[in-house]
Structures are given as structure tokens and as C-alpha cells.
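*Asks:* Using only what follows, build the 3D model:
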Amino acid sequence: MAVSSAPHLPSGSFEWLTAGRVDPGSRVVVLCPTVAHCRAVASHGADVLAVHRDPDTAEKLNRLPGVMAVCGSPESLPLNSSSFDAVLVHQGFHELAPGLALPEIARVLRPGSVLGVSWLVRDDTVPWVKRLAALLR
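*Replies:* Numbers count the residues shown, from 1 in each chain. As a prediction, the model looks like this:
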């Protein structure tokens, strides 16, 4: 059995992040993408455009079914205005220059579309996780 160290979004998180407004065939931009996150978004039937700063990572993302990737910057998106149903950022929003990235995100979103930002953190309220965290300290 293969074990992945990449964190996965919990079930239902895609629908929550997109306010239920993204259906199969919707156009979604993924910023700061990972292979796992792009694969998860594409599994919902959305047409995924991943924008990554690193050309090698963009090349890897282009190999995923349902994903097209471009090398670019979230602060200067190489995309048409008002052409996407959602922009998703997972685990990387803190790396963006908000004064530059947010206007670009707003520019590429269609009216009534969504920006979904997610971040996974350890939940120390779960007893076994709390014990693990204590051991790690």
C-alpha cells in the first residue's frame, strides 16, 4: 500500500470552498498548486488551469488529466479578464503579495464567482494527535 505524506483536503471541502457554485465543466484557476491539490480539484470535473512560478512544476502539472498548467505569477496572471468561475489557493496564500495578487484574482473572476483559500493545520484537540504533538516537542 502506498502512503502519501501530502495532506489531502477533507471530504466536502471543495464544495465548501467554492460555495457550491462550481460544477463539472466550470473553469477553475489553482494558484500555488501542488500535484495532489490539482488532482483533487480536477476530480470534481472542473477544467483546471494551474499557475505556478516554477517551469518544472508547471510541466509536471500539465501531465495530470484535466489540468492545464502555465508558468506564471499570481501577481500578474497571464489570463483573460472575467473568464473563471473560481480561484483556489491552498497552503500558499501567505506567499502572495496581496496588493498585487488580489486585484489580479478579482480581474480574472466572472461576476458572482468565488475565491477559495484553504490551509490545513494539525488538530490538537484529537487525543492521539495531542499525544503525538507532545512527543514531537
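
*Asks:* from memory G45 sits against T18, does it?
*Replies:* No - using C-beta atoms under 8 Å as the test, G45 is too far from T18 to be in contact (12.0 Å). The C-beta positions use only the backbone N, C-alpha and C, and glycine is treated the same way.

*Asks:* and those two? which has more neighbours close in?
*Replies:* Each of G45 and T18 has its neighbours counted (other C-beta atoms under 10 Å); T18 has more, 23 against 13.

*Asks:* Mind checking the pLDDT average for stretch 48-64?
*Replies:* Stretch 48-64 carries an average pLDDT of 94.

*Asks:* Just the buried residues of it, please?
*Replies:* For stretch 48-64, the neighbour count (16 or more other C-beta atoms under 10 Å) marks 48-52, 57-58, 60-61, 64 as buried.

*Asks:* ok, the residues you listed vs V89, which is closest?
*Replies:* When the buried residues of stretch 48-64 are ranked by distance to V89 (C-beta to C-beta), V51 comes first, at 10.2 Å.

*Asks:* part of a helix, is that closest one?
*Replies:* No - per DSSP: H, G, I helix; E, B strand; the rest coil, V51 lies outside any helix segment and is strand.

*Asks:* okay, the closest residue to it other than its chain neighbours: pLDDT?
*Replies:* Excluding the flanking residues, the one nearest V51 by C-beta to C-beta, 6 or more residues apart in numbering is G72, at 4.8 Å. At G72, the pLDDT value in this model is 93.

*Asks:* didn't G72 look like it was pressed against P78?
*Replies:* Yes - with contacts counted by C-beta under 8 Å, G72 reaches P78, the gap being 4.7 Å.

*Asks:* Spell out which residues are contacts of both of the two.
*Replies:* Residues touching both G72 and P78 (C-beta atoms under 8 Å, 6 or more residues apart in numbering) are V51.

*Asks:* quick one: which of those two has more around it?
*Replies:* When G72 and P78 are compared for neighbours, G72 comes out ahead with 18 against 12, by other C-beta under 10 Å.

*Asks:* contacting residues around that one?
*Replies:* By C-beta under 8 Å, 6+ apart, G72 lies in contact with 51-53, 78.
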